[in-house]
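please work out how this folds:
(chains A, B and C)
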Amino acid sequence: MALQAESETASDGYPPFEGAPTEVGVDRAERLLAGLNDPQREAVRHGAGPLLVVAGAGSGKTRVLTHRIAYLLATGEARPGEILAITFTNRAATEMRERVEDLVGGSARAMWLTTFHSACARMLRVHAEHLGYGRSFTIYDEADSLRMIKRCANEMEVDPKRFPARAIRAQISGAKNQLTDAAAYAGAQSGPFEEVVAKIYELYEERMVSANAMDFDDLLVCTVRMMEQFAEVRERWSQTFRHVLVDEYQDTNHAQYRLLQLLAGAHGDLMVVGDEDQSIYGFRHADIRNILDFDRDFPEAAVVKLEQNYRSTQTILSAANAVVEHNRDRRPKRLWTETTGGEPVQLSELSDEHEEARWVAGEIERLSSEEEVRREDIAVFYRTNAMSRVLEDTLVRFELPYQVIGGTKFYERAEIKDAVAYLSLIANPADQVSFGRVVNSPRRGIGRTSQARLASHANTTGSTIWDVAGCAEEVPGLGAAAIKTVSRFHETMEGLRARAESASVAELLEAILHETGYLEALEAERTIEAEGRTENLQELVGMAAEFDSNRQLEGEDELSPLEEFLQQISLYTQQDEIRDESVITLMTLHNAKGLEYDTVFIVGCEDGAFPHMRALEEGSEEEERRLCYVGMTRARKRLYMTWARQRRLFGRTSHNFPTRFAGELPEELTKRHESEAGRQTGWQAAGQSETGQPLDPGLTLELRTGDDIVHASFGDGVVTAVEPGGVVVVRFAEDGSERKLMADFAPIRKR
DNA sequence: TCTTCGCGGTATGGC
DNA sequence: ACCGCGAAGA
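Alright, predicted model coming up:
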């Protein structure tokens, strides 16, 4: 087991080769198969046609993907430029590239080893004109797109209270991922909300084209549309990419599915790797049916199952299996490993989030001193980012170094967004949202009203916001002072734009920060926060400089350096964060996918938090369970799950019961632990009344508004509301507090 | 017309 | 804890 797991990251030791079908190549092909188990080998050697690899957690799927790529080259079935391998995150793409390079050397450069979104962006740059876009379109992140939605809603005089922009955006995003365009959506509308969305959808599309901007969904949707409408474009790419490989197929949505059909439909050389038990992106419109129905969509598809796990102990695997087997949407599958036994899964009950954090920190200290566990082999996972706060505070007090992956992202900081917006505006003068972001930042006295006039003039005349700013005196209603400042701003930006032709990205960025007065305004603030912002901006300049120097080496001709830099950072999020060595890692469960650690803590294992209430309301209990499965299977040797009876979140205290998934752990694989403080307060385990007798779940299900109940700890109360997901709201007589309880689990009784 | 201040509502997950 | 909004002051 150790042998294979270790060699995964190491080079296989062969010199690089260029994939010609020579005798040496054949020899190499054989050697590529040497370290693989039978199903892995079958997947790597698979001939032409569709292939589904159902790869359980830790079964070596990246190994199969990379070895298959190398194998295709070694046998001469593919040349490097014919390979398109798609992952979901940049992190996964980077890892794949490194490992392919280890196997085949420099020829990996000619391959597209990338994410769906950046592959689409790259293809769209080439053909943007087909869809009415310019090739230097800006990519809007969620916040940018939300701003645009708000503008549209405002313009349409939609009441933001009745129809929140976020809800509208979500609805439009959902439609796009189903490849439903504005016209089709309008035709199918069925209520006041949908009517509003239909109107805004149409205007939004229009405004996005005028701003020469695409949101994340557009990248996929536009690529699909382009290939559907222009046969020559489709043929060009499907002929280029004779071999398409997709990682994490269970997370594809409908648009991505359609894209793969268009790309690989003709030749059918499509290999998808995935695991329905790890499908955790339903909220992003991922469709688990894609993987479950793959062999129906592609009747001639071969299916290979990888069930041997090279990561975890049998105890951890059995526990994870036991949990996920409660799901219905899955193929029968059981992970196994050659190593038997292992430490039991430890389930700990703590009184509140502080005690939980102290307990985790204490256990980490104990592991480091008694068992010589290294800190970099330890990770703590939580369901929501907000839970990292208390953990961080506690780790600081314990003087345990840690890093947080995700959370507040570098690129979401206001000053970074401002700087990037300046760059975007220079690359794409039509970009209304970026213009709106920077025109009054630093403060120039161009407020809401003036901005609205500029935007409205641009929309009515059909010219770009940049050109409107260039002749501000023509804008109706704009005051004399505003005309002056806008013109000055336009002049400054024109100068910077001219500079962009020759300057490097870092030079341009520095010039922007100085000449627009941005840095000056920050310095004038004389606060600690402003200092931090300045440092962040310096960091960004440093990143640009690094980009510039790397680029001179690589040299890609399709895009200008500025455009490429912008594309990179708009499609890049926290996963490329510098991974610190020798510290404990904190992250959300979603972020944990694809990673592994010797020791894993999953904190906040409480019903309502995990599974999350919102998820339960949406009917995604199975997805939450998969998330649990993903978290558990990250652990190599030791797995801890903790829950807190009380937790303060967003200023409210919730009273909790352990996650339902804990109840699905086999007793013989679990070790339960309850804190001292826990015993003092005398609470009972979930699902039991004050007498220790389990409550009849059927009884609690019948609760209605107005029912009088008795709670084991809070005493008498009255049901004030019954919510979806088995939740009841109870107002207690003793202190007048209102609490949400899980009817099936709370120690309550009808009176 | 712009800015600042205080209020209330809202709060999963991430390319 | 954060944002957007309205009111009030400059």
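
tell me the first helix or strand C-terminal of the longest strand along chain A.
Of all the elements of type strand in chain A, the one with the most residues (DSSP state E) is strand A:635-649. Elements were assigned by DSSP states H and E; along the chain past strand A:635-649, the next helix or strand is strand A:652-655.

quick check, that next one touching DNA strand C?
No - on the criterion Cβ under 7 Å from any atom of the strand, strand A:652-655 is out of touch with DNA strand C, staying 9.0 Å away. All C-beta atoms are positioned from the backbone trio N, CA, C, and that covers glycine.

tell me which residues are up against that strand.
Applying Cβ atoms under 8 Å, 6 or more residues apart in numbering, the external contacts of strand A:652-655 come out as A:606, A:608, A:609, A:645, A:646, A:647, A:648, A:739, A:740, A:741.

got phi/psi on whatever residue of the stretch 101-250 of chain A ends up closest to DNA strand C?
When distances are taken as Cβ to the nearest atom of the strand, the stretch 101-250 of chain A reaches nearest to DNA strand C at residue A:160, 5.0 Å away. The phi/psi pair for residue A:160 (degrees, to the nearest 10) reads phi -70, psi -20.

so what pLDDT did it get?
Predicted confidence (pLDDT) at residue A:160: the value is 78.

quick one, what contacts it?
If you count contacts by Cβ under 8 Å, 6+ apart, residue A:160 has them with A:150, A:153, A:154.

packing partners of the longest strand of chain A?
Taking 3 or more Cβ pairs under 8 Å, 6 or more residues apart in numbering; DSSP states H and E as contact, the helices and strands that strand A:635-649 lies on are helix A:314-324, strand A:345-352, helix A:353-370, strand A:597-602, strand A:652-655.

and of these, who's closest to DNA strand B?
For the helices and strands packed on strand A:635-649, proximity to DNA strand B was assessed by Cβ to the nearest atom of the strand; strand A:652-655 is nearest, at 6.8 Å.

mind exporting the C-alpha coordinates of that closest one to PDB?
Extracted C-alpha coordinates of strand A:652-655, given in PDB (Å, rounded to 0.1, in the frame of the first residue of the first chain):
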ATOM      1  CA  ARG A 652     -27.500  33.600  18.200                       C
ATOM      2  CA  THR A 653     -27.000  30.600  20.400                       C
ATOM      3  CA  SER A 654     -28.300  27.400  19.000                       C
ATOM      4  CA  HIS A 655     -28.800  24.200  21.000                       C
END
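
so which bits of that strand are buried?
Along strand A:652-655, the positions that meet the burial threshold by neighbour count (16 or more other Cβ atoms under 10 Å) are A:654, A:655.

mind listing the strands it pairs with, and their directions?
Strand pairing for strand A:652-655, using DSSP bridges, gives strand A:635-649 (antiparallel).

relative to strand A:345-352, how tilted is the partner strand?
What separates the directions of strand A:635-649 and strand A:345-352 is an angle of 20 degrees, with axes from the mean of the first three to the mean of the last three Cα atoms, to 10 degrees.

which stretches in the stretch 201-350 of chain A count as strands?
Chain-ordered strands for the stretch 201-350 of chain A, with DSSP state E, counting those that start in this stretch as the definition, fall at A:213-215, A:243-246, A:270-274, A:302-306, A:345-352.

need those in JSON lines with mean neighbour count, can you?
Output for the strands of the stretch 201-350 of chain A, formatted as JSON lines (neighbours: other Cβ atoms under 10 Å):
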{"stretch": "strand A:213-215", "mean neighbour count": "24"}
{"stretch": "strand A:243-246", "mean neighbour count": "25"}
{"stretch": "strand A:270-274", "mean neighbour count": "26"}
{"stretch": "strand A:302-306", "mean neighbour count": "19"}
{"stretch": "strand A:345-352", "mean neighbour count": "22"}
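
of all these, which one is nearest residue A:460?
Nearest of these to residue A:460, taken as Cβ to Cβ: strand A:213-215 at 19.1 Å.

pLDDT on the closest one, on average?
When pLDDT is averaged over strand A:213-215, the result is 93.

so that strand, near DNA strand B or not?
No - interface with DNA strand B: strand A:213-215 contributes nothing (Cβ under 7 Å from any atom of the strand), its closest point being 8.5 Å away.

which outside residues touch that strand?
Applying Cβ under 8 Å, 6+ apart, the contact partners of strand A:213-215 are A:124, A:133, A:137-142, A:144-145, A:148, A:173, A:208, A:222, A:428, A:430-433.

and it, how far from the chain's centre?
The offset between the C-alpha centroid of strand A:213-215 and the centroid of the whole chain comes to 18 Å, using Cα atoms, centre = their mean, to the nearest Å.

in its sheet, what does that strand sit against?
Per DSSP bridges, strand A:213-215 is paired in its sheet with strand A:138-140 (parallel).

just send the helices and strands packed on strand A:635-649 back as TSV, with mean pLDDT too.
Supplementary listing: those in TSV, determined by pLDDT from 0 to 100:
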stretch	mean pLDDT
helix A:314-324	95
strand A:345-352	93
helix A:353-370	93
strand A:597-602	96
strand A:652-655	79
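
distance to residue A:563 added to those, as TSV?
Conversion of these to TSV gives the following (distance: least, Cβ to Cβ, whole Å):
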stretch	distance to residue A:563
helix A:314-324	44
strand A:345-352	50
helix A:353-370	45
strand A:597-602	38
strand A:652-655	46
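
could the ones you listed go into JSON lines alongside distance to DNA strand B?
Output for these, formatted as JSON lines (distance: least, Cβ to the nearest atom of the strand, whole Å):
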{"stretch": "helix A:314-324", "distance to DNA strand B": "17"}
{"stretch": "strand A:345-352", "distance to DNA strand B": "18"}
{"stretch": "helix A:353-370", "distance to DNA strand B": "15"}
{"stretch": "strand A:597-602", "distance to DNA strand B": "14"}
{"stretch": "strand A:652-655", "distance to DNA strand B": "7"}
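
would you mind checking the contacts of residue A:160 for buried ones?
Neighbour counting with 16+ other Cβ under 10 Å marks A:150, A:153 as buried within these.

can you list which of the contacts of residue A:160 are found in strands?
When DSSP E is applied, those are split such that none fall in strands.

relative to residue A:359, which of the contacts of residue A:160 is nearest.
residue A:150 (44.0 Å).

the residue lying closest to the closest one once chain neighbours are set aside: how many residues sit nearby?
With sequence-adjacent residues excluded and distances taken as Cβ to Cβ, 6 or more residues apart in numbering, residue A:150 is closest to residue A:165, at 4.7 Å. The burial metric for residue A:165, expressed as a neighbour count using other Cβ atoms under 10 Å, is 20.

check contacts around residue A:165.
Under the criterion of Cβ under 8 Å, 6+ apart, the contact partners of residue A:165 comprise A:146, A:149, A:150, A:153.

show me which residues of the stretch 1-150 of chain A sit near DNA strand B.
Looking at DNA strand B, the residues of the stretch 1-150 of chain A close enough under Cβ under 7 Å from any atom of the strand are A:88, A:89, A:90, A:115, A:116, A:117, A:141, A:142.

among those, which are located in strands?
residue A:115.

which of the residues of the stretch 1-150 of chain A next to DNA strand B are buried? Put it as a ChimeraX command.
The buried residues among these can be selected in ChimeraX (16+ other Cβ under 10 Å) with this line:
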select /A:88,89,90,115,116,117,141
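
restricted to helices, list the residues of the stretch 1-150 of chain A next to DNA strand B.
A:90, A:116, A:117, A:142 (DSSP state H).

switch the residues you listed over to JSON lines; also include pLDDT.
Listed next are these as JSON lines, based on pLDDT from 0 to 100:
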{"residue": "A:90", "pLDDT": "83"}
{"residue": "A:116", "pLDDT": "93"}
{"residue": "A:117", "pLDDT": "92"}
{"residue": "A:142", "pLDDT": "85"}
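
for the longest helix along chain A, name the packing helices and strands.
The single longest helix within chain A, with elements called by DSSP H, is helix A:528-554. When contacts are defined as 3+ Cβ pairs under 8 Å, 6+ apart, helix A:528-554 packs onto helix A:414-427, helix A:505-515, helix A:518-525, helix A:561-570.
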